[in-house]
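Enquirer: sequence and predicted structure are below.
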There are 2 protein chains.
Amino acid sequence: MVQKARPKRTSSSQRREESLSREQIIEASIELLDNSGEGGLTFRTLSERLATGPGAIYWHIANKSDLLTAACDTIIARTMTASLASVTTGATPQAAIRLLALAMFDAIDAHPWVGSALTRSPGQSPMLRIVERIGQQIRALGVPPKKHWVTASALLSYILGVAGRNAANGQLARTQGLNRSDLLEAVSTAWSQLDPEEYPFTRSLAGQLRSHDDRKDFLAGIDLILRGIGSPHRR
Amino acid sequence: MVQKARPKRTSSSQRREESLSREQIIEASIELLDNSGEGGLTFRTLSERLATGPGAIYWHIANKSDLLTAACDTIIARTMTASLASVTTGATPQAAIRLLALAMFDAIDAHPWVGSALTRSPGQSPMLRIVERIGQQIRALGVPPKKHWVTASALLSYILGVAGRNAANGQLARTQGLNRSDLLEAVSTAWSQLDPEEYPFTRSLAGQLRSHDDRKDFLAGIDLILRGIGSPHRR
DNA sequence: ACCTGAACACCGTTCAAGT
DNA sequence: ACCTGAACACCGTTCAAGT
């Protein structure tokens, strides 16, 4: 159980001098989400943290879904600008895409809730930021304009898929009180004990699962897609 | 608002003759999820549908997450056997993977909640079924054993990514009371009105977004990955 | 062994009333 | 204009009591 640290006001029961801001609310939400997962963000815990009532929050944000997208957008915006800075001039589009993808991976690794938040707000600002950045590199790759959307969409889906899986793994580990390698170990032994008749392949994968590196595998997938983009289409 | 059809017992307030079964519960859950989305599955609505009390359900299933995974597993199991039957003998592994992927796409299209349920139960039975089937084809493709996991993982992530996105789109459309093409139209016009300085690429994509075909694009992504698998690795 | 349904401890959200 | 906090309509889950 987590101790609830009641926020202490410096003085008495005065009214707050500076009014609550949307940014303040979002920042507090991110903190809550990072520290205690998706279940940790509640209008009650949040308002407690902000030393106000639940109703006050509704003056600044529409509802919980809005709050989640806003928090997600803040993280994505930061990630995009950071990854923009990391691309040196003269880098190939492939390299830029790899860096962008890695930045996304690391961001979601640090804030697992972003994974599911992204999926739950299609066509919203966070997604737009990512599409735009991916798209610019796809154009730079020389993909014919007619294929821009399909290509961007494929990369996006893959990234979101990994994001979602990572978020789920993280939450599973948290639920069971395990760290990443303990969880991997547990799943791996479970796989190695599967029925050889029914799950021959999955069984044989247990070893690779145990020792794999999520980040490396993620990048390998990106490379697979990049190679696919570069290869001639034969039917 | 949906009319709640109170289930009518044939006679009086007798005790139910045949006891509730796990399968019955799961089947009713699937129906509820299909008809009214993820929010439609509630222990109260479910027990009403089954003409029993909320507590009764807990005798057969552990909790809501268990129920959701079980419902998801039922759909995936059916999808896997159906797709197995659709692969003609002598088909290439590529063709088999395409068929498998399409079967998954259609299943998730018909049951959007499966998209998020899949993501939320990592390492569980539904995922295992998919991994196994993908894996067997990857082996047939002649991918070197050391790369089995990375390759299967990439395909899986992509499929789950699309699944999640589709589920989200479906739910968004449902929330706003729009059909698919109206939603597409709305998002597309929103994109075409984006700031050209900030979102040049996304803006240019509006047209393609409006007329695109989710299923085709999904398959194009699969083909991209398949081509990547078949291409030599150059660094 | 299985079911009943009230009760518990939560949620997100609203809204009259305050300043 | 912004905040307060009680109240509403829900949840998932538990559990004594029944059959």
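Expert: Arrived safely. Keep in mind that what you see is a predicted model, and the values were worked out from it rather than measured.
Enquirer: what parts of chain A come near DNA strand C?
Expert: Neighbours of DNA strand C within chain A, by CB under 7 Å from any atom of the strand: A:Arg15, A:Leu41, A:Thr42, A:Phe43, A:Arg44, A:Thr45, A:Pro54, A:Gly55, A:Tyr58, A:Asn63, A:Lys64, A:Ser65. All C-beta spots, glycine's among them, are computed from the backbone N, C-alpha and C.
Enquirer: got the confidence number for the residue of chain A found nearest DNA strand C?
Expert: Nearest residue of chain A to DNA strand C, counting by CB to the nearest atom of the strand: A:Gly55, 2.9 Å away. In this prediction, A:Gly55 carries a pLDDT score of 96.
Enquirer: same check, this time on A:Ser13
Expert: pLDDT recorded at A:Ser13 is 33.
Enquirer: does stretch A:148-160 reach chain B?
Expert: Yes - using CB under 8 Å from any CB of the partner chain, stretch A:148-160 reaches chain B at A:His148, A:Trp149, A:Val150, A:Thr151, A:Ala152, A:Ser153, A:Ala154, A:Leu156, A:Ser157, A:Tyr158, A:Ile159, A:Leu160.
Enquirer: name the surrounding residues that touch the helix or strand hosting the residue of chain A closest to DNA strand C.
Expert: Element membership for A:Gly55, per DSSP states H and E: helix A:54-60. Around helix A:54-60, the neighbours that count as contacts under CB atoms under 8 Å, 6 or more residues apart in numbering or on different chains are A:Leu20, A:Ser21, A:Arg22, A:Ile25, A:Phe43, A:Arg44, A:Leu46, A:Ser47, A:Leu50, A:Leu67.
Enquirer: list the contacts for A:Ala152?
Expert: A:Val131, A:Ile134, A:Gly135, A:Ile138, B:Leu205.
Enquirer: from A:Ile138, how far off is the closest residue to the third one other than its chain neighbours?
Expert: Meaning A:Gly135. Once flanking residues are discounted, A:Gly135 sits nearest to B:Phe201: 3.5 Å by CB to CB, 6 or more residues apart in numbering or on different chains. Counting by CB to CB, to the nearest Å, the gap from B:Phe201 to A:Ile138 is 8 Å.
Enquirer: if you count surrounding residues, which of the two has more?
Expert: When neighbours are counted by other CB atoms under 10 Å in any protein chain shown, B:Phe201 and A:Ile138 differ, and A:Ile138 comes out ahead with 24 against 18.
Enquirer: isn't that one up against A:Trp149?
Expert: No - in this structure, A:Ile138 is not within contact of A:Trp149 by CB atoms under 8 Å, at 9.4 Å.
Enquirer: host element of A:Glu23?
Expert: Assigned by DSSP H and E, A:Glu23 falls within helix A:22-36.
Enquirer: report the buried residues of the helix or strand just after that helix.
Expert: Next in sequence after helix A:22-36, counting helices and strands by DSSP H and E, comes helix A:43-49. For helix A:43-49, burial by neighbour count (16 or more other CB atoms under 10 Å in any protein chain shown) applies to A:Phe43, A:Thr45, A:Leu46, A:Ser47, A:Glu48, A:Arg49.
Enquirer: phi first, then psi, for the residue nearest to A:Gly135.
Expert: The phi and psi values for B:Phe201, taken as degrees, to the nearest 10, are phi -70, psi -50.
Enquirer: what's near enough to touch it?
Expert: For B:Phe201, counting by CB under 8 Å, 6+ apart, the contacting residues are A:Val131, A:Glu132, A:Gly135, A:Gln136, A:Ile138, A:Arg139, A:His148.
Enquirer: cool, and A:Leu67?
Expert: A:Leu67 neighbours (CB under 8 Å, 6+ apart): A:Ile25, A:Ile26, A:Ser29, A:Leu41, A:Ile57, A:Ile61.
Enquirer: coming back round to it: possible to save the contacts of A:Ala152 as JSON lines with pLDDT, distance to A:Asn179 and secondary structure?
Expert: Output for the contacts of A:Ala152, formatted as JSON lines (pLDDT from 0 to 100; distance: CB to CB, whole Å; DSSP: H, G, I helix; E, B strand; the rest coil):
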{"residue": "A:Val131", "pLDDT": "97", "distance to A:Asn179": "34", "secondary structure": "helix"}
{"residue": "A:Ile134", "pLDDT": "97", "distance to A:Asn179": "32", "secondary structure": "helix"}
{"residue": "A:Gly135", "pLDDT": "96", "distance to A:Asn179": "37", "secondary structure": "helix"}
{"residue": "A:Ile138", "pLDDT": "97", "distance to A:Asn179": "37", "secondary structure": "helix"}
{"residue": "B:Leu205", "pLDDT": "96", "distance to A:Asn179": "41", "secondary structure": "helix"}
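Enquirer: fine, thanks again, bye for now.
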